[in-house]
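Novice: Here is a sequence with its predicted model. Questions after.
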Amino acid sequence: MRHVPFFRWVLTLGGVLFACSVWLYAAGAGLPEARQVDLTVVEEAADGSCTVRWEDPYQGRTREAEYQCDPGRSDLLKAPQYSDSRGYGWDTAYMLTEGPQRGNLEELAGGEQGLSASDVCLLSGASLIALGLVGGNLRALPRVLGVRARVVRRAAELSEAAARVVEDYERAVSVVREEGRHHGPPDGSRLVTGLWVLREAGPRAGETAAVARRLTRRLQVLLDDAAPAAGPRSRLRAGPVARSDADRAVAELRLLLADAERDGLAGRFAQTSVDLLRGQDAERAVLAATADFAREPHAYRLLLAEVAGPAVVPRRRRVKGVLRRRRPSGA
């Protein structure tokens with residue numbers, strides 16, 4: 001089940017309404033044109049109710065009417081502080097300049113005309129935007145808290161190190177098996193070099209590769225399940241079931257990482273990979289392998305039989321002047 005982005009749609013709708021409000025305001029919402037004029041405040045109450053006069057150029061006379069002045073304007077603009085010898089105050093208003101009502105004052109402060117379409121869109125859009133932002137963040141918070149990027153990254157690094165060990169060991173073994181089928185006893189330089197690489201890696205190389213192989217398989221399964229916990233974006237996009245599986249996988253990854261750290265697996269993997277890559281310097285490896293084979297040819301034959309199978313080693317072989325008989329398998 002995937003996450004349903006409810007608050008994202010709420011935020012989108014709020015943005016659309018806000019854009020409509022801006023467009024209506026820019027278009028004027030069908031209101032007639034108006035211009036600002038000076039008012040002479042003849043009388044004024046404490047709540048801003050006034051009697052004002054203004055010059056009406058369309059009727060060519062001075063008009064007087066009730067108006068709602070701004071009670072919060074400076075006292076210097078109110079009578080008797082205003083510098084008018086007649087003791088009047090001062091305010092401004094908007095006068096309509098077109099339509100049948102031209103010359104009348106536009107009642108902006110009185111609120112008698114109610115909310116316009118632009119105001120409704122603005123208030124609705126702002127409310128939906130606030131709801132979408134707050135609700136979306138609150139809903140996303142518990143999902144983001146489940147991010148365990150460090151654990152997933154450490155597990156991925158350990159899986160890569162284990163995969164390298166397996167690859168390096170299988171490459172070294174495949175060289176020995178391939179050359180052993182063609183050349184039989186370890187006489188060819190490529191076969192001797194491959195056996196020398198395995199001898200230098202030590203008897204624990206095969207065990208380390210086996211451990212790495214098992215660990216890689218287990219880590220890959222857990223890393224696939226823990227993918228939603230690798231970062232906030234993947235965590236937010238995952239559904240409830242995927243997040244639950246990720247939490248379980250992260251818990252198991254922690255246990256595996258603790259065991260690996262206790263056993264020093266990361267160091268073992270790195271050292272084994274280095275040992276198995278000794279054959280990369282071909283000239284130096286051939287010289288070292290040839291010298292080592294001359295000292296202990298029997299050890300090379302035993303290792304060849306162990307890696308490539310007993311069929312590539314003769315049953316009777318004279319080594320350093322001593323006749324040796326190969327023990328039957330299972331003896």
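Specialist: That came through, no problem. Numbers count the residues shown, from 1 in each chain.

Novice: Can you name the helix or strand that residue 181 falls in?
Specialist: Assessed by DSSP states H and E, residue 181 sits inside helix 149-183.

Novice: what helices or strands is that helix leaning on?
Specialist: In terms of contacts (3 or more CB pairs under 8 Å, 6 or more residues apart in numbering; DSSP states H and E), helix 149-183 is packed against helix 189-201, helix 204-225, helix 240-263, helix 265-276, helix 297-308. For every residue, glycine as well, the C-beta is placed using N, CA and C.

Novice: Mean neighbour count, those: which tops it?
Specialist: Compared across those, helix 189-201 shows the largest average neighbour count, a mean of 23 (mean count of other CB atoms under 10 Å).

Novice: Next, work out how far apart the nearest residue to residue 189 once chain neighbours are set aside and residue 192 are.
Specialist: Leaving aside its chain neighbours, residue 189 sits nearest to residue 286 (5.2 Å; criterion: CB to CB, 6 or more residues apart in numbering). According to CB to CB, to the nearest Å, residue 286 stands 8 Å off from residue 192.

Novice: Check residue 257 too.
Specialist: Plainly put, residue 257 is 40 Å away from residue 192 if you go by CB to CB.

Novice: same question, residue 78
Specialist: 110 Å.

Novice: re earlier: figure out which of the helices and strands packed on helix 149-183 is closest to residue 106.
Specialist: helix 240-263 (55.7 Å; CB to CB).

Novice: Tell me which residues are up against the closest one.
Specialist: Helix 240-263 has contacts (CB atoms under 8 Å, 6 or more residues apart in numbering) with 1, 3, 143, 146, 148, 151-152, 154-155, 158, 215, 218-219, 222-223, 225-229, 235, 238, 266.

Novice: Centroid-nearest residue for the chain?
Specialist: In the chain, the C-alpha nearest the mean C-alpha coordinate belongs to residue 233, at 3.8 Å (CA atoms, centre = their mean).

Novice: what helix or strand is it on?
Specialist: Counting by DSSP H and E, the element that carries residue 233 is helix 232-237.

Novice: same question, residue 40
Specialist: Judged by DSSP H and E, residue 40 forms part of strand 34-44.

Novice: and the next helix or strand after that strand, which strands flank it?
Specialist: With elements assigned by DSSP H and E, the helix or strand that comes after strand 34-44 is strand 49-56. Sheet pairing for strand 49-56, assigned by DSSP bridges, gives strand 34-44 (antiparallel), strand 61-68 (antiparallel).

Novice: would you put the C-alpha positions of strand 49-56 in PDB?
Specialist: Taking Å, rounded to 0.1, in the frame of the first residue of the first chain, the C-alpha atoms of strand 49-56 are listed here in PDB:
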ATOM      1  CA  SER A  49     -17.400  58.000  12.500                       C
ATOM      2  CA  CYS A  50     -17.100  61.300  10.700                       C
ATOM      3  CA  THR A  51     -18.900  63.900   8.700                       C
ATOM      4  CA  VAL A  52     -16.600  64.900   5.800                       C
ATOM      5  CA  ARG A  53     -16.600  67.300   2.900                       C
ATOM      6  CA  TRP A  54     -14.900  66.900  -0.500                       C
ATOM      7  CA  GLU A  55     -14.800  68.500  -3.900                       C
ATOM      8  CA  ASP A  56     -16.900  66.600  -6.500                       C
END
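
Novice: Check which residues of it are buried.
Specialist: Residues of strand 49-56 classed as buried under the neighbour-count rule (16 or more other CB atoms under 10 Å) are 50, 51, 52, 53, 54, 56.

Novice: quick check, distance from it to the centre of its chain.
Specialist: Chain-centre distance of strand 49-56: 63 Å, with CA atoms, centre = their mean, to the nearest Å.

Novice: Excluding its own residues, what touches it? List them.
Specialist: 37-44, 62-69, 89, 91, 93, 95, 103, 105.

Novice: Now the buried members of the residues you listed.
Specialist: Using 16+ other CB under 10 Å, the buried members of these are 37, 39-41, 44, 67-69, 89, 91, 93, 95, 103, 105.

Novice: Residue 82: neighbouring residues, count only.
Specialist: 18 (other CB atoms under 10 Å).

Novice: Oops, could you answer that again for residue 291 instead?
Specialist: 10.

Novice: and which of the buried residues of strand 49-56 is nearest residue 133?
Specialist: The closest of the buried residues of strand 49-56 to residue 133 turns out to be residue 50 (CB to CB; 41.9 Å).
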